[in-house]
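In: okay, here's the prediction I keep looking at, along with the sequence it came from:
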Amino acid sequence: MQPKQMRQDLDVLTGLGAALGNQIMGQHHVLPQVVEALQDGELGLTDPDRPKGTFLFLGPTGVGKTELTLAFTRHLFGEDHLVRLDMSEFQNQESVGVLLGRNENEVGLIAKRFAAVQGQGTLLLDEIEKAHPRVLDLLLQILDAARVTMANGDTLDLSEFYVVCTSNIAASAMLNARHSVRSTLVRFVESQAQAQLRPEVFARFQTVSVFDRLEYDVQLEIAQHLLDREIFNQRSRSEIKISYDPKLVPFLTGQGVHPRLGVRPLRGCIERFVRRALRENLLGGGKSEIHLTPIEPQ
Ligand SMILES: Nc1ncnc2c1ncn2[C@@H]1O[C@H](COP(=O)(O)OP(=O)(O)OP(=O)(O)O)[C@@H](O)[C@H]1O
Ligand SMILES: [Mg+2]
């Protein structure tokens, strides 16, 4: 039997866990609960008068919170279905006016951004703890009723959207807690989020996920993935065949992972490394094959 409100091909939904697991590494505590919530949303099992799913993603910087949101949105809806707002830009009284419009003749930012995403997708609100209390009130309405009333009287319906809020609340505790039991750490991070976001906001999220710090073996896996992807992309731009020494992966991990920023700088570091080798090859006459190796310090 087909569910009444089925929104996707079944293959897309049954393959969701594997597809996201290929892209998001080292977050196996988080992925299953997110996948289940998305499947419920797409199968029409959730309350039709609320967003299809609401998520609070907590954890240190550069561990996959945004990447997971981008990945599931692309997987379910394709390109251009994400509305992303950084709450650090909405910290003062005037923020509500910017978002909703200041008077009946002004179109608010939210309406403008939603007009571009064709009726379904994900609303991503980064650094949610920085939002002004009145902006949080707006979020409460969205989480509760999937509705926002703009200054010009129009009502925006978000019931075909997922809402993801991210925060680095208690991130330093997570980075420093080398030997803590995971469940203790999760409870601590959640209690900090509850206190900083107001308990009533925290309580509205259907799924609260605490992302883990990425250990060295996961960093290596991500470096390998990014390196293979950059080589694949370059292969489609030039005919040059690229291979690499396995020692390159730990070398690039050492170069691209930062103690506080995590794996965030890794992609740029890997892209620069591969492009430099291609550039030097092309400027030097252009061999049809190159082999990448770690560059020894001079
Ligand atoms: N778990 C992961 N698996 C694969 N790649 C990852 C993972 N975490 C981070 N990355 C890589 O690092 C980059 C930054 O990660 P992301 O934007 O998801 O960080 P974040 O958790 O949202 O951090 P912030 O709290 O600063 O917003 C990604 O674009 C991706 O290349
Ligand atoms: Mg992010």
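Out: That came in fine, so what should we check first? Ligands and ions are numbered 1, 2, ... in the order given.

In: okay, CA-based contacts and neighbour counts for the rest of this
Out: Fine.

In: ok, the closest residue to His258 other than its chain neighbours - contacts?
Out: Leaving aside its chain neighbours, His258 sits nearest to Pro265 (7.1 Å; criterion: C-alpha to C-alpha, 6 or more residues apart in numbering). Neighbouring residues of Pro265 by C-alpha atoms under 8 Å, 6 or more residues apart in numbering: 256-258.

In: so which bits of this structure are right by ligand 1?
Out: Applying C-alpha under 6 Å from any ligand atom, we find that the chain lies next to ligand 1 at 23-27, 60-67, 168, 222, 263-264, 267.

In: quick check on those residues: which are buried?
Out: With burial judged by 16 or more other C-alpha atoms under 10 Å, the buried subset of these is 24-27, 60-66, 168, 222, 263-264, 267.

In: where in this structure is pLDDT low?
Out: Counting by pLDDT under 70, the low-confidence segments of the chain come to 1-6, 296-298.

In: domain parsing for it?
Out: What automatic domain parsing lists as the domains of the chain is 10-210, 216-292.

In: looking at those, which is buried most?
Out: domain 10-210 (a mean of 18; mean count of other C-alpha atoms under 10 Å).

In: need the distance between the two termini of that domain.
Out: End-to-end distance for domain 10-210, by C-alpha to C-alpha, to the nearest Å: 28 Å.

In: how far out from the middle of the chain is it?
Out: Here the centre of domain 10-210 is set off from its chain's centre by 9 Å, with C-alpha atoms, centre = their mean, to the nearest Å.

In: stretch 263-272 now?
Out: For stretch 263-272, the distance to the chain centre is 17 Å (C-alpha atoms, centre = their mean).

In: residues touching stretch 10-30, excluding its own?
Out: Here stretch 10-30 has contacts from 31-32, 35, 39, 42, 64, 67-68, 71-72, 75-76, 209-212, 214-215, 218, 221-222, using C-alpha under 8 Å, 6+ apart.

In: for that stretch, how far is the first residue from the last?
Out: Stretch 10-30 end-to-end distance (C-alpha to C-alpha) = 22 Å.

In: same question, stretch 210-218
Out: Stretch 210-218 end-to-end distance (C-alpha to C-alpha) = 17 Å.

In: which residues touch that stretch?
Out: 25-27, 29-30, 57-60, 63-65, 174-175, 186, 189-190, 262.

In: these in helices, which ones?
Out: 65, 174-175, 186, 189-190 (DSSP state H).

In: ok, the buried ones among the residues of the chain next to ligand 1 vs Ala116, which is closest?
Out: Of all these, Ala116 sits closest to Thr66, with 19.9 Å by C-alpha to C-alpha.

In: show me the contacts for the closest one.
Out: By C-alpha under 8 Å, 6+ apart, the residues touching Thr66 are Thr166.

In: returning to that earlier point: out of the ones in helices among the contacts of stretch 210-218, flag the one nearest to ligand 1.
Out: Nearest to ligand 1 among these, counting by C-alpha to the nearest ligand atom, is Lys65 at 3.8 Å.

In: OK, contacts around the closest one?
Out: 57-59, 166, 211.

In: the residues you listed: which two are farthest apart?
Out: Thr166 and Phe211 (10.4 Å).

In: now do the shared contacts for the two.
Out: Common neighbours of Thr166 and Phe211 (C-alpha under 8 Å, 6+ apart) are 57-58, 65.

In: got CSV for those residues, with distance to Ala195 too?
Out: Supplementary listing: the shared contacts of Thr166 and Phe211 in CSV, determined by distance: C-alpha to C-alpha, whole Å:
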residue, distance to Ala195
Phe57, 16
Leu58, 14
Lys65, 21
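
In: now Ser172: how far from ligand 1?
Out: 12 Å (C-alpha to the nearest ligand atom, to the nearest Å).

In: can you give me the helices in the chain?
Out: Under DSSP H, the chain gives helices at 10-14, 16-23, 31-42, 65-77, 95-100, 109-115, 133-145, 171-176, 182-197, 199-204, 216-237, 248-256, 266-283.
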